[in-house]
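Asks: no sequence on this one, just coordinates:
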């Protein structure tokens, strides 16, 4: 490297291959690199091969059983008009790769697995296989394969290969997951989507596979934010062949099954209008935790229909409209429990060989069905009587009575309302749920630890640093990290740098995130800490630069108090405290 005599930051160096170019040195803290980091020694032709991807295998699971089921046409559909396999997704396991197809008329056909490296360059050694179950091909493994496609002959031009997803692990990543069947049609879905996801999260589900054909931009915004937080995967269903939107259901069931093998111990396959409702104050995972017999691989739940006699709104408008249209709050006209008419299931994916909408078609091991008593749980099916793609299905509404008015368990109703409010507050793109005048649909319970109001905070007499005296009117929207409740104050941790001494305002919110109109002007001290006095009924907090600023999303407070049960506010007697609570 040569340095210019006129400018010590101007240099000339060989960038590689004898090509000399002018460069510019950083004026301070310049570090000269003698050799490239070995992990970055690569060219445009380099394909890295991970340790898990250095396997060559010509094995597929249970070939004798598969041949037996093929001869018996188990799971055969011969549905629609595909002339090519049309791969959708692929999942690698220790000895094989499972490829799902969108075609539903290839059952039992001989096909060939075609492998591709990270540059989508074909790897030699095709693998001969067969389509089983319907819409699935099991392939051997090839070293370095990152993409895969399926063809009818060795020499066909392959359809665009799909990425191979790694499912090799010491065990499932999730205990309980849920698949939502394909979303389509004109009815807006955002309320039903958040209702479905938040309900099953409260039941213990930790991941969702959501299949879509078409949804509104507003619905997609909500789904994309769930993707951002890592709670769902959205699978868009499309190929080069026509079919009506409702015709994707069987293929979606198969893909959900294969997608969850070695990904989840238990998986439920449901429609957007179905909720598995447990009795005895159980969650679904509480019931699953009691199951220790490994032969239990398919749990069947009876169904109750709840008549859904109006369509969901297109978007959030206000709290009143939103809460009134939550599915579990609005619809109550419920049929009797049906005797195994259209039951829904929770399965052990690795034990199932072929799956249908309501039950397995073939199993590798275990009992075909466990009929779960309706004393333990049922599927609450909010049946849309306004029509839909299959209006003839609604004829059964006259056959499944008598009907009666039912409701979900009150504590679950409260928790689910709170969870949905939380999700929509964060993801709606506005702070609508922070409206202090929002209609009061639920009373916020005030526990003994939360019935305290104080006015003093640590460092309350600390003088504000002079340079912050003029900052009260400036906007200040810090990231609130945590809020801890102590006996006489709240300590809020925020992400700041060199802000010690700045004026800020403590903002308080109740259990429904309605603002409590009792702000407090405090300051940042020490750095990244704001002390706030306590307010009766506070569940969430945030910090703003002044009282007029619109608050950011509040965060839940954590009770760190050791003596709040016995704490009595010195300045108020019990009668005054009761008056405060009633207000």
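Replies: Received, thanks. Since the structure is predicted, the reported quantities are computational estimates derived from the model, not experimental observations. Numbers count the residues shown, from 1 in each chain.
Asks: and the closest residue to residue 242 other than its chain neighbours, what does it touch?
Replies: Nearest in space to residue 242, with sequence neighbours left out and distances taken as Cβ to Cβ, 6 or more residues apart in numbering, is residue 81 at 7.7 Å. All C-beta atoms are positioned from the backbone trio N, CA, C, and that covers glycine. Contacts here follow Cβ atoms under 8 Å, 6 or more residues apart in numbering; on that basis residue 81 touches 105, 241, 242.
Asks: show me how far stretch 76-83 is from its chain's centre.
Replies: 32 Å (Cα atoms, centre = their mean, to the nearest Å).
Asks: can you list the buried residues in that stretch?
Replies: 76, 77, 79, 82 (16 or more other Cβ atoms under 10 Å).
Asks: likewise for stretch 94-104?
Replies: Quick answer for stretch 94-104 (16+ other Cβ under 10 Å): 96, 97, 98, 99, 100, 101, 102, 103, 104.
Asks: what stretches of this protein score poorly on pLDDT?
Replies: Applying pLDDT under 70 to the chain flags the ranges 387-393, 425-445, 461-475, 562-583.
Asks: so what are the domain limits for it?
Replies: Segmentation of the chain into domains, based on automatic domain parsing, reads 2-32, 53-166, 183-424, 448-582.
Asks: can I get those in TSV including distance to residue 40?
Replies: Shown next, in TSV, are the domains of the chain (distance: least, Cβ to Cβ, whole Å):
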stretch	distance to residue 40
domain 2-32	13
domain 53-166	16
domain 183-424	28
domain 448-582	32
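Asks: tell me the secondary structure at the nearest residue to residue 301 once chain neighbours are set aside.
Replies: Spatial nearest neighbour of residue 301, chain neighbours left out: residue 379 (4.7 Å); criterion: Cβ to Cβ, 6+ apart. Per DSSP: H, G, I helix; E, B strand; the rest coil, the secondary structure class of residue 379 is strand.
Asks: wait, what's in contact with residue 379?
Replies: 270, 274, 275, 276, 277, 301, 302, 303, 304, 343, 344.
Asks: try it again at 6 Å.
Replies: Residue 379 sits next to 274, 276, 301, 303, 344 when contact means Cβ atoms under 6 Å, 6 or more residues apart in numbering.
Asks: which parts of the stretch 151-300 of the chain are helices?
Replies: 190-202, 217-228, 249-260, 284-289 (DSSP state H, counting those that start in this stretch).
Asks: can you list those in TSV and add mean neighbour count and distance to residue 128?
Replies: Putting the helices of the stretch 151-300 of the chain into TSV (neighbours: other Cβ atoms under 10 Å; distance: least, Cβ to Cβ, whole Å) gives the following:
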stretch	mean neighbour count	distance to residue 128
helix 190-202	22	41
helix 217-228	16	37
helix 249-260	23	20
helix 284-289	17	39
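Asks: is the closest residue to residue 200 other than its chain neighbours bridged to anything, and to what?
Replies: Leaving aside its sequence neighbours, residue 200 sits nearest to residue 178 (Cβ to Cβ, 6+ apart; 5.0 Å). Here residue 178 sits in beta bridges with residue 208, residue 268, as judged by DSSP bridges.
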